[in-house]
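Visitor: model this:
(one chain, ligands or ions: 1)
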Amino acid sequence: MSGFAPEHDDRQRVRDASDIVAVVGEHLALKPKGREYVGLCPFHEDRNPSMCVIPAKQIFHCFVCGTGGDVFTFIQKYHSMGFRESLEYLAERGNIELTKFNPNGEPNNSGAGVPFEHTGIGKKEIMTANQAGQSFFQTILTHPEHGNLARTIIEKRGISDDMVERFAIGASPDRWDGLLKAAQAKGLNLDALIGAGLIKAKDNGGHYDALRNRLIFPICDQIGRVIAFGGRIMDEDDSPKYLNSPETPVFRKSTTLYGINHAQRAIKKERTAVIVEGYTDVIACHQAGVEHVVGTLGTALTKGHATVLRRLCDTVVLLFDGDDAGIKAADRAIEVLLSETIDIRIAALAGFTDAKDPDELLKRDGGAAIFTQVIAESVDLIKWRFDRLREELKGAGPARITQRIEEELAKLSDLGLGELTPVRRSLMIRQVARAAQIEEGVVIAAIRTGRSRQRPSFTHQADIEQVDGEQESYVEHDWAPNARETLLGCLLYDTNLWMLMSSEERELTSTTLYGSPLSRIVADALHSSAENGTGTGLHAVLDELAALGDETGKNLVEAEQRATMLRQFVARDSEAISSRVTRVFNECIGAVTMMDARNVKHQDTNDESADEAAKLKAFIESQRMNRKKFGRSGKNMLSGE
Ligand SMILES: [Zn+2]
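Guide: Numbers count the residues shown, from 1 in each chain. All right, here's what the predicted structure looks like:
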């Protein structure tokens, strides 16, 4: 398909019209830095802006995962598109008409005219089916008879014509074969419509429409392509009230936000995303001019949503109609808060208005002002939880209060409070302490890092950066973990790995084998912690180090730092993807075994070399077993592909 001369010309024209800063900036927040721009890399779990966009060269590059290229590369990678698709996308964006290139001479400027390929149902076919579905539903909405009820409902709900058009609202007819008949008449690919979940197959061989007699809300990706549909009943006796497309290769509920294509610009501008519950709430907000609003599709906020949003903004406000709905969603939100670098706030309409949802509120006079106030007075998620806890504990005695606060802290700890990066952890601890109205030290103790109060906390960035020239310190600038130390890092990262090691492999981490005294102390604590049955995870090892410090009266803060840093090193290197940790782990075992075998050969007698060779063989065997246990260990996973 590609390789025609006109396409090269097209490519150049489209490239000229697609400034890379503008295009990348439409997908993530960019900040100017000298002559370049930086932002959070969308291609790995970036915590500090690692992606650099260089206008002079019209390229982008990530310093951590190495992803880079021109504007086409960015669009292809970001949206999992092929080259042609990225060309079409950027051409449409830049209002450029592409040269006719397909054999039957149809213009091909939007992708709408792409003929079906009858070779299996992939993303492209499903996208095309969705597009066909959308135009069918929109046609029905304007149909004198079949669209009548839908138009009445839209009018009654006060949805403006502008919004009907912007959100491409449609309707499905009250019959089993509306879309089916239309598809057959037009010769559309039935398998693709089935793949998209729009048509269903009957057991006896026939087919029927999946969405009947419903108001249809197309669900789009960030660039406005229809990836799924939501259908709301029109007859209140029907059920379920809402029906979404099933998950398909182009639609994943847990990462999709309704309205994101229209909201992203405002979200970036406000540095905040507001999340509401229903389609009509999102539309009502946009209609009222509050555009940094999106909806989840009947689920609580997920890590996937947060990953999309944190590239655009710093804060997510979860807006609930009443307090009760908020309580249910808050646990999930806490998990998200502790796994993604984004602030989460809670806002509830109750207390500000008797309107039951944003839709109702915004249709009233002065509703937009109240809505803005509700968002402005949203409460930080951690504070919100402790506020609720205090409410619940009104009139309770001190023992009961202490117990409940401890329970809450334990819960936060279980959800991962202790496993954050040092800076974020320190911020969160401060936040929790303030919300719970207790000392930070109590929080630190509760998350079982085992540090006692008289010792300085290393959770503050200042402490980590403080270089002490006399003593060995983690921050000596030329220290970098070797393979054996990285192996420790893997065990600190994933306590299950220890369970999968043979005793020979465990020997590889033996305390006497490290050049650095700090690493020896960490290894020692790790071994005792493993023997005690508390595992090799960072928490357990820090506990062990604290106990050791108390016993010996030594200050082991630096060893604690080393343990934390070793774990962090592995987390960063693997981008916290567990299959990659496993790969790093396997590689380290291999490297350390080889290193030890070589050393033994040089130093010792033949007997021992033979022993070592046997050990190596045993290791290789166990390595094979490990690979079986772990599944794929991958060939080139660290390259980001
Ligand atoms: Zn990256």
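Visitor: domains of this structure?
Guide: 5-93, 123-251, 255-377, 387-447, 483-639 (automatic domain parsing).
Visitor: And the ion, is the third one touching that?
Guide: Same thing as domain 255-377. No. Domain 255-377 is not in contact with the ion by CB under 5 Å from the ion; minimum separation 11.5 Å. The C-beta positions use only the backbone N, C-alpha and C, and glycine is treated the same way.
Visitor: hmm, back to that, turn the domains of the chain into CSV, including mean pLDDT, distance to Thr99 and mean neighbour count.
Guide: Shown next, in CSV, are these (pLDDT from 0 to 100; distance: least, CB to CB, whole Å; neighbours: other CB atoms under 10 Å):
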stretch, mean pLDDT, distance to Thr99, mean neighbour count
domain 5-93, 88, 4, 18
domain 123-251, 94, 21, 18
domain 255-377, 89, 28, 20
domain 387-447, 82, 50, 16
domain 483-639, 75, 35, 18
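Visitor: Can you tell me the SS state at Val317?
Guide: Taken by DSSP: H, G, I helix; E, B strand; the rest coil, the conformation at Val317 corresponds to strand.
Visitor: Next up, the contacts around it.
Guide: With contacts taken as CB atoms under 8 Å, 6 or more residues apart in numbering, Val317 has the following neighbours: Thr272, Ala273, Val274, Ile275, Ile344, Arg345, Ile346, Ala347, Ile375, Ser378.
Visitor: In strands, which of the residues you listed appear?
Guide: Among the contacts of Val317, DSSP state E puts Thr272, Ala273, Val274, Ile275, Ile344, Arg345, Ile346, Ala347 in strands.
Visitor: Pick out whichever of the contacts of Val317 sits closest to the ion.
Guide: Minimum separation from the ion among the contacts of Val317 (CB to the ion) is found for Ala273, which lies at 22.1 Å.
Visitor: what's the spacing between whichever residue of the stretch 101-250 of the chain sits closest to the ion and Thr255?
Guide: When CB to the ion is the measure, the stretch 101-250 of the chain has its nearest residue to the ion at Gln222, with 18.0 Å between them. Gln222 is 10 Å from Thr255, where distance means CB to CB, to the nearest Å.
Visitor: Find the residues that touch each one of those two.
Guide: Contact criterion CB under 8 Å, 6+ apart; residues bridging Gln222 and Thr255 by contacting each: Val308.
Visitor: before we move on, the earlier item: check the gap between the residue of the stretch 101-250 of the chain closest to the ion and Ala547 for me.
Guide: Here Gln222 is placed at a distance of 50 Å from Ala547 (CB to CB).
Visitor: what do you get for Gly489?
Guide: With distances defined as CB to CB, the gap from Gly489 to Ala547 amounts to 21 Å.
Visitor: again with Asp19
Guide: Distance of Asp19 to Ala547, given as CB to CB: 58 Å.
Visitor: What of Asp354?
Guide: If you measure Asp354 against Ala547 using CB to CB, the figure is 56 Å.
Visitor: Likewise for Ile375?
Guide: Taking CB to CB as the measure, Ile375 falls 47 Å from Ala547.
Visitor: ranges for the strands of the stretch 301-450 of the chain?
Guide: Listed in chain order, the strands of the stretch 301-450 of the chain (DSSP state E, counting those that start in this stretch) span 315-320, 343-348, 379-380.
Visitor: Around the ion, pick out the residues from this protein.
Guide: Residues of the chain lying close to the ion (CB under 5 Å from the ion) are Cys41, Phe43, His44, Cys62, Val64, Cys65.
Visitor: Excluding chain neighbours, what is closest to the residue in the stretch 201-350 of the chain positioned nearest to the ion?
Guide: Nearest to the ion, among the residues of the stretch 201-350 of the chain, is Arg311, at 11.5 Å (CB to the ion). Nearest-residue entry for Arg311: Leu28, 4.1 Å, with adjacent residues in sequence omitted and distances by CB to CB, 6 or more residues apart in numbering.
Visitor: quick one: contacts of stretch 70-81?
Guide: Applying CB under 8 Å, 6+ apart, the set of residues contacting stretch 70-81 from outside is 11, 15, 18-20, 23-24, 27, 42-43, 58-60, 67, 69, 82-83, 85-87, 89-90, 123, 221-223.
Visitor: and it, how far out from the chain's middle?
Guide: Centroid separation between stretch 70-81 and its chain, computed with CA atoms, centre = their mean, to the nearest Å, is 19 Å.
Visitor: who's in contact with Ile154?
Guide: With contact taken as CB under 8 Å, 6+ apart, Ile154 is in contact with Val164, Ile169, Leu215.
Visitor: So which of these belong to helices?
Guide: In helices, defined here by DSSP state H, the members of the contacts of Ile154 are Val164.
Visitor: Phi and psi next, for the nearest residue to His44 once chain neighbours are set aside.
Guide: Leaving aside its sequence neighbours, His44 sits nearest to Cys65 (CB to CB, 6+ apart; 4.0 Å). The phi and psi values for Cys65, taken as degrees, to the nearest 10, are phi -100, psi -10.
Visitor: Just to check, Cys65 is in contact with Glu45?
Guide: No. Taking CB atoms under 8 Å as the contact criterion, Cys65 and Glu45 are not neighbours in contact, 9.3 Å apart.
Visitor: For the stretch 151-300 of the chain, which segments are assigned as strands?
Guide: Using DSSP E, counting those that start in this stretch, the strands assigned to the stretch 151-300 of the chain run over residues 170-171, 199-201, 207-209, 214-220, 226-233, 242-244, 272-276, 293-295.
Visitor: Can you check which of these gets nearest to His305?
Guide: Smallest distance to His305 across the strands of the stretch 151-300 of the chain (CB to CB): 7.7 Å, for strand 272-276.
Visitor: Show me what the closest one is packed up against.
Guide: With contacts defined as 3 or more CB pairs under 8 Å, 6 or more residues apart in numbering; DSSP states H and E, the packing partners of strand 272-276 are helix 279-287, strand 293-295, strand 315-320.
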